[in-house]
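> Sequence plus predicted model, see below.
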Amino acid sequence: MPSSNDWINNPLGVVEEMFAQGNANPEWEAKVLEYFKGQLKEKEAYSWIPSLNDVPLHYLKPNSLVKFRCLVQDMFDPEFYMGVYETVDPSTKAKVLRFGKYKDVTECGVEFNSRNAVTAERQTFYCVPIPGESSWAKEISFLTAPHSYANSSQARVVPSTSYIPSRQKRSYEEDDDMDTQPQKQREPQTESHANGDSKRQETEASSSRTTSPSKASSHLDLNFPLPGEGGPACLVKVYENLDSFKLNDMLEVCGILSVNPLLSVLGEEKDPSAFLLDPTQSMETLEEQRAHDPPASLVPRLHMLYARPLQHNNPLLPPGSAEDQSAFVSSFLVEMASVRAELLAYLTHVLLGDALASEYLLLHLISSVYARRDVLPLGKFTLNLSGCPSNSSYTEKLYQVIQELVPCSYRLSMSLHNMNSLRLVPKKDYVANRLVSGALQLARNTSLVLDETRLEQGQLDASGVRNITALGNLISWQKVDYDFNFHQMEFPSNINVLVTSEGRSLLPSDSQVPLQPQVTPPNLEEYLATVHMALQTSQINKFRVYLSLARTLDYSISDEVTKAVEDDFVDMRKDDPQSVTAEDLHRMLVLARLLSLSLGQTTLSREGWMRAKHIDMLRRSRSQPPTSVNGNEP
């Protein structure tokens, strides 16, 4: 059996050995998967594997095992490949049986008429880094978070050449920045290096810079959902369990990295004139070739051996579901109430002393769609924070606070220009046969802040109206209707939407809270900076764990409390039948659920129900004159 390092440094060697032992028996494939899954069950196995998110591509060893934390942005049509084939040595005429799985290019001398050849099918996913992932989620060190993705920094490998980078911890984005400053690329050479080695290292470092995605990809649309995003894109080749993956899934893929230069050469050699010689090529347009076969130096291939679905991408929590990490959850539940109090105090300072608005913001941040009843998403809690000043940078600073608390976020400034020009809804490009991404193609539990204070007077064009409609559908139904030209296809979503506005938002919401500042600092930016600086790193990390963990807890209501809530609601209807509606009951039940979870309580108590009624009454009393609640909720 291969040594412990072979399965990371030379996974194809492991596969080849098992293939040879199995004599091309179909069972060899199952044994390969079983072997790698067994290796990945080791406690620290994932920390040994370098990450494509963290390590620049030219530092990774080709054909080694790497991992990639990503979102499935598109799914290409299935493709056929040579699963098993024979090669013939031209000199000895000896035939050798080989495997094509986990490879992009076959060996030379293929015997196409061999009876032992087996054609197989695989599917390609176009995967991108998780959109809107916060910088803290990418950069948390191993010392701060034992379970962090940044563990991969210790698994970095040197390039396949002799160039050895002097810095062992540097993010993908930092490497791109360094590429723009060649004088900082390398540390000064020590005298112990021979002149020849120094020249060779300098040459190889220079060649690495020329293949940096930040430079070479300027002409290539990597199809990131959010504008200004960076990082690697990847073509993931999937062989098993194709039906278990869906568009927009968050995954951590472990697979064999393929950056074979032949992939780029073959792509460049495809010429439209060749269609006349090979009619089968005419089924693929030039645009489709460019979208599906980008240069491997910019969009590497990753042959999947194992994929772990991600319920969250918070590096401070253990990976997997809360059920699988009961010990961690139980230990943190003990301090849920105290962390909640600290977070509430912090948000109250950020919201200028408004304790009610801060409580609603906290509940909004832990909300999540936990089920769907017909078309109704249960658990969503869109908040409209009105009364925000439009002539200051307050809403932008508020977003920066949220960005520091949640692992994924995006702020959409609802200016007239953005509404008319941005592409929010993904659209199918039939010429290139790909899904062109939009800003609403986001991972689950992303915090989307819609800044309506930037909306000025003017005329929305047809594109602007579609964008506003899409935002309304996302808020009301937690769905995005992707544009497939001849029809629309509905994709469910789970996005936390916060709308900041001067007056009541033109968009629907589940609750509107008018902001009532209790303090008026002379310098708002300095005040907010002081509030943030007062936080310790350990404290803000607790806030981050708290917000992610609260939304994963189970929740139930006992029959006794259900009966008490029903009786109370009947009494409320008797007292004021005109203004108390079924929508009020639904909203207060959502409030009661979030209040309970925010305290680490997984069942609703009568006290929790009364507290939900109380804060809802306080919120409604801020509206003058009081208005009844409808589907769009004041």
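Arrived safely, thanks for sending.

> Do I have it right that residue 572 meets residue 579?
No - when contacts are counted by CB atoms under 8 Å, residue 572 is not listed as touching residue 579 (9.4 Å). No exception for glycine: its C-beta is placed from N, CA and C like everyone else's.

> Counting neighbours, what do you get for residue 535?
For residue 535, the number of neighbouring residues by other CB atoms under 10 Å comes to 14.

> what about residue 344, neighbour count?
By the criterion of other CB under 10 Å, residue 344 has 15 neighbours.

> actually residue 354, sorry about that
Residues contacting residue 354 under the criterion other CB under 10 Å number 23.

> Repeat that for residue 26.
Using other CB under 10 Å, residue 26 is surrounded by 10 other residues.

> What are the structural domain limits within this protein?
The record's domain parsing of the chain by automatic domain parsing lists 6-81+121-260+296-309, 323-540, 554-634.

> Could I get these in TSV, plus columns for distance to residue 546?
Converted to TSV, the domains of the chain look like this (distance: least, CB to CB, whole Å):
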stretch	distance to residue 546
domain 6-81+121-260+296-309	14
domain 323-540	5
domain 554-634	9
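
> Reformat those domains as CSV; add distance to residue 89 and mean pLDDT.
Output for the domains of the chain, formatted as CSV (distance: least, CB to CB, whole Å; pLDDT from 0 to 100):
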stretch, distance to residue 89, mean pLDDT
domain 6-81+121-260+296-309, 17, 74
domain 323-540, 39, 94
domain 554-634, 62, 86
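
> Now do the phi/psi pair for the closest residue to residue 85 other than its chain neighbours.
Once flanking residues are discounted, residue 85 sits nearest to residue 117: 4.9 Å by CB to CB, 6 or more residues apart in numbering. With angles defined as degrees, to the nearest 10, residue 117 sits at phi -70, psi 140.

> list the contacts for residue 117?
Neighbouring residues of residue 117 by CB atoms under 8 Å, 6 or more residues apart in numbering: 82, 84, 85, 86, 111.

> Pretty sure the fourth one sits against residue 114.
By that I understand residue 86. Yes - Residue 86 lies in contact with residue 114 (CB under 8 Å); the separation is 4.0 Å.

> ok, the spatially most central residue of the chain - contacts?
Among the residues of the chain, the one closest to the centroid is residue 130, at 2.5 Å (CA atoms, centre = their mean). Residue 130 is in contact with 69, 70, 71, 250, 313, 408, 443, counting by CB under 8 Å, 6+ apart.

> Could you measure from the fifth one over to residue 69?
Which is residue 313. 7 Å (CB to CB, to the nearest Å).

> and the gap between the nearest residue to residue 13 once chain neighbours are set aside and residue 50?
Distances taken as CB to CB, 6+ apart put residue 6 closest to residue 13, at 5.9 Å, once the chain neighbours are dropped. As judged by CB to CB, residue 6 and residue 50 stand 15 Å apart.

> okay, the two: which has more neighbours?
Using other CB under 10 Å, the more surrounded residue of residue 6 and residue 50 is residue 50, with 23 against 15.

> Help me confirm that that one comes into contact with residue 60.
Yes - contact status for residue 50 versus residue 60: in contact at 6.0 Å, counting by CB under 8 Å.

> coming back round to it: among the contacts of residue 117, which ones are buried?
With neighbours counted by 16 or more other CB atoms under 10 Å, the contacts of residue 117 contain buried members at 82, 84, 85, 86.

> Name the helix or strand for the last one, please.
Residue 86 belongs to strand 79-88 when elements are defined using DSSP states H and E.

> ok, and what's touching that strand?
24, 94-101, 106-111, 114, 116-124.

> Give me the subset of those residues lying in strands.
Under the assignment DSSP state E, the contacts of strand 79-88 contribute 95, 96, 97, 98, 99, 118, 119, 120, 121, 122, 123, 124 to strands.

> So residue 224: helix, strand or coil?
Following DSSP: H, G, I helix; E, B strand; the rest coil, we place residue 224 in the coil state.

> quick one, what contacts it?
Residue 224 is in contact with 128, 129, 131, 233, 437, counting by CB under 8 Å, 6+ apart.

> before we move on, what about residue 251?
69, 70, 71, 72, 127, 245, 307, 308, 309, 310.

> can you give me the helices in the stretch 201-350 of the chain?
213-216, 261-269, 286-292, 326-333, 336-350 (DSSP state H, counting those that start in this stretch).

> Tell me which residues of the longest one come out buried.
Think helix 336-350. Buried-residue list, helix 336-350, by 16+ other CB under 10 Å: 336, 339, 340, 342, 343, 346, 347, 348, 349, 350.

> that older thread, and residue 90, which of the domains of the chain is closest to it?
Closest to residue 90 of the domains of the chain is domain 6-81+121-260+296-309 (CB to CB; 21.8 Å).

> which residues do residue 86 and residue 114 both contact?
When CB under 8 Å, 6+ apart defines a contact, the residues bordering residue 86 and residue 114 alike are residue 95.

> list the contacts for residue 63?
Residues near residue 63 by CB under 8 Å, 6+ apart: 10, 11, 12, 256, 257, 258.

> tally of neighbours for the first one?
If I follow you right, that is residue 10. A count of nearby residues for residue 10, using other CB under 10 Å, gives 19.

> Kindly list the main-chain dihedrals of it?
Main-chain dihedrals, residue 10, degrees, to the nearest 10: phi -140, psi 60.

> ok, it touching residue 62?
No - in this structure, residue 10 is not within contact of residue 62 by CB under 8 Å, at 10.9 Å.

> In space, what's closest to residue 611 - neighbours in sequence excluded?
residue 595 (5.7 Å).

> measure the one you found to residue 620 for me?
In this view, residue 595 and residue 620 are 17 Å apart by CB to CB.

> swap in residue 370?
To residue 620, residue 370 is 25 Å away according to CB to CB.

> now residue 434
To residue 620, residue 434 is 48 Å away according to CB to CB.

> Likewise for residue 607?
Per CB to CB, residue 607 is found 21 Å from residue 620.

> out of these two, which sits in the busier spot?
Using other CB under 10 Å, the more surrounded residue of residue 607 and residue 620 is residue 620, with 17 against 11.

> Run through who's touching the host helix or strand of that one.
Taking DSSP H and E as the criterion, residue 620 maps to helix 606-621. Residues outside helix 606-621 that contact it (CB under 8 Å, 6+ apart): 356, 359-360, 511-513, 561, 564-565, 568, 584, 587-589, 591-592, 595-596, 599, 601, 626-627, 629, 634.

> List only buried entries from the residues you listed.
With burial judged by 16+ other CB under 10 Å, the buried subset of the contacts of helix 606-621 is 356, 359-360, 511-513, 561, 564-565, 568, 584, 587-589, 591-592, 595-596, 599, 601, 629, 634.

> Next, check the residues you listed against the strands and list the overlap.
Using DSSP E, the buried ones among the contacts of helix 606-621 in strands are 511, 512, 513.

> so who does the residue nearest to residue 611 touch?
Counting by CB under 8 Å, 6+ apart, residue 595 has contacts 363, 608, 611, 612, 615.

> hmm, back to that, farthest-separated two in the contacts of residue 251?
Greatest spacing in these, by CB to CB: 69 and 245 (15.0 Å).
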